[in-house]
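1. Output the structure for:
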Amino acid sequence: MSSIYKVIEIIGSSEKSWEDAAKKAVELSAQSLEDLRVAEVKDLDMRIEKGKVVEYRAKLRVSFKYNPK
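-> As a prediction, the model looks like this:
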């Protein structure tokens, strides 16, 4: 039997680093998406306030097994 996978984009944020932002995004997604397979980092950016970096953001594309009901 073949499998079908769905791909979505998610954005994670962190005050520490891009890696932490990506990790948080995947771990939070895994709580509601079943059978995550691959996460691909698509974009990295930062939020700046008063000349200081206040947040790192990572946009990811994640795939998970699709089970239509």
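2. Going by C-alpha atoms from here, please, whenever you check contacts or count neighbours.
-> OK.
3. for the protein, which spans come out with low pLDDT?
-> 1 (pLDDT under 70).
4. all helices for this protein, in order.
-> Under the criterion DSSP state H, the chain contains helices at 18-30.
5. Which residue ranges of it form strands?
-> Per DSSP state E, the chain carries strands over the ranges 5-14, 36-49, 52-65.
6. now what about the last one, what contacts it?
-> Contacts of strand 52-65 from elsewhere in the structure, counted by C-alpha atoms under 8 Å, 6 or more residues apart in numbering, are 3-19, 21-22, 26, 33-48.
7. returning to what we had before: export the strands of the chain as TSV, with columns for mean neighbour count.
-> Shown next, in TSV, are those (neighbours: other C-alpha atoms under 10 Å):
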stretch	mean neighbour count
strand 5-14	16
strand 36-49	14
strand 52-65	18
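8. L44 touches D20, doesn't it?
-> No. If you go by C-alpha atoms under 8 Å, L44 and D20 don't touch, sitting 11.8 Å apart.
9. Return the distance of M46 relative to V54.
-> Going from M46 to V54 by C-alpha to C-alpha, to the nearest Å gives 7 Å.
10. meant to ask about D43
-> Using C-alpha to C-alpha, D43 is found at 17 Å from V54.
11. same deal with V7?
-> For V7, the distance to V54 - C-alpha to C-alpha - is 29 Å.
12. Same check on I11?
-> Counting by C-alpha to C-alpha - I11 and V54 are separated by 16 Å.
13. P68 now?
-> 40 Å.
14. same deal with Q31?
-> Taken as C-alpha to C-alpha, the span from Q31 to V54 is 26 Å.
15. Same check on L33?
-> Counting by C-alpha to C-alpha, the gap from L33 to V54 is 29 Å.
16. cool, S3 as well?
-> 41 Å.
17. Contacts only, for the nearest residue to R61 once chain neighbours are set aside.
-> Of all residues not flanking R61 in the chain, E9 sits nearest, at 4.4 Å (C-alpha to C-alpha, 6 or more residues apart in numbering). The contact partners of E9, by C-alpha under 8 Å, 6+ apart, come to 59-62.
18. Isn't Y66 up against K6?
-> Yes. Look at Y66 against K6 with C-alpha under 8 Å: they come within range, at 5.6 Å.
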